[in-house]
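Asker: Attaching a predicted model along with its sequence, questions to come.
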Amino acid sequence: MKQRHLLTIILLLATACAHHGTPSRDETLRIILARHGQTDWNLERRLQGQTDTELNETGRAQARQLAARVEGAAIDRIYSSALRRSRETAEIAASGVPVESLASFNERSLGKFEALWVDGRDAAGEAEYRRRSADPDDELDGGESPGEFFDRVCRGMTEIRQRHRSGTILIVGHGGTNTMILRCLLDLTPEEADSIRQANDEIYLLELPLEELSGSGSRFQKRNWKSCDCSHPRAQDCDAVLNDLGPQDARPSGRRFRSSAR
């Protein structure tokens, strides 16, 4: 797999996008959003859902790379799902930071489709899965509907934002879970959220000013996150974001951000 670099796809502060002043660090909650490292089922193109697979050697190496990428970022706490592939990634990346596993961040339960090969060998099964998984009310024969999945993840994010008004946290989730986190925080449409594909070695960074945390609802205000694309023309500003997460003498060097809004 082509090596990915640290990136920001979303919400480099509404004020920054509007070319206003940047809130101070103690007025901002920074969320580093990572996906668990690779598993054999990722490699084999099988649907995992809530099947409790573990990291393979590539996945453990990716977790060590995650630790190096966030070194010096002054992370206050790390959250994972309750599934092994997420928890192990978080524990490897922790470097002494407390890790808490939350079942609300588990991957979507895919019912009868868990363990389905999606490499072309079962075209009929794949077609049925893709058709049914888009239905907001379809529980996939014993699994979880998209609506139920979204509500569960949003409840988890509501708990997180009640605990953390500012500072920096790392969430190690899953491909589907992280999409729901972005949808919840940024009030994305299902179609916008479905366009996001996060690789096992990609990191997203969100910066949420304190004013965004004061609402009573479960979601933050919607932002035009594509306008905060860091691929151009101000990519150097994205470098400064991660570098500013830790003390001056502990800031990571050589970290590059690029956009991955797909």
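Answerer: Nice, thanks for sending it over. Residues are numbered from 1 along each chain as shown.

Asker: how about low-confidence regions in this protein?
Answerer: Across the chain, the ranges flagged by pLDDT under 70 are 1-26, 211-262.

Asker: the helices in it, which residues?
Answerer: 14-17, 40-44, 57-69, 84-94, 123-133, 146-163, 175-186, 190-194, 235-243 (DSSP state H).

Asker: Please list the outside residues in contact with the longest one.
Answerer: What that stands for is helix 146-163. For helix 146-163, the external contacting residues (CB atoms under 8 Å, 6 or more residues apart in numbering) are 29, 79, 102, 104-105, 108-109, 133-139, 144, 169, 171, 176-177, 180-181, 183-185, 190, 213, 218-219. In this view, the C-beta of every residue, glycine as well, is placed from N, C-alpha and C.

Asker: Same question for the second one.
Answerer: Contact partners of helix 40-44, identified using CB under 8 Å, 6+ apart, comprise 47-48, 51, 53, 56, 58-59, 115, 117, 119, 200.

Asker: at 10 Å instead, please
Answerer: 1, 35-36, 46-49, 51, 53-59, 85, 114-115, 117-119, 175, 199-200 (CB atoms under 10 Å, 6 or more residues apart in numbering).

Asker: one step back: next, format the helices of the chain as CSV and append mean neighbour count and distance to residue 207.
Answerer: Shown next, in CSV, are these (neighbours: other CB atoms under 10 Å; distance: least, CB to CB, whole Å):
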stretch, mean neighbour count, distance to residue 207
helix 14-17, 17, 8
helix 40-44, 16, 29
helix 57-69, 18, 17
helix 84-94, 23, 20
helix 123-133, 14, 31
helix 146-163, 18, 14
helix 175-186, 23, 11
helix 190-194, 14, 19
helix 235-243, 17, 7
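
Asker: and residue 208, which of those is closest to it?
Answerer: Residue 208 lies closest to helix 175-186 among the helices of the chain, at 7.3 Å (CB to CB).

Asker: Give me the helices and strands touching the closest one, please.
Answerer: In terms of contacts (3 or more CB pairs under 10 Å, 6 or more residues apart in numbering; DSSP states H and E), helix 175-186 is packed against strand 28-35, helix 146-163, strand 167-173, helix 190-194, strand 203-209.

Asker: can you tell me how far residue 34 sits from residue 179?
Answerer: As judged by CB to CB, to the nearest Å, residue 34 and residue 179 stand 13 Å apart.

Asker: what is in contact with those two at once?
Answerer: Common neighbours of residue 34 and residue 179 (CB under 10 Å, 6+ apart) are 173, 198.

Asker: dump the residue contacts of residue 145.
Answerer: Residues near residue 145 by CB under 10 Å, 6+ apart: 108-109, 111, 132-133, 135-139, 151.

Asker: rewinding a little: and the helices of the chain as TSV, adding distance to residue 204?
Answerer: What follows is the helices of the chain, written out as TSV (distance: least, CB to CB, whole Å):
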stretch	distance to residue 204
helix 14-17	16
helix 40-44	18
helix 57-69	12
helix 84-94	15
helix 123-133	23
helix 146-163	14
helix 175-186	7
helix 190-194	13
helix 235-243	12
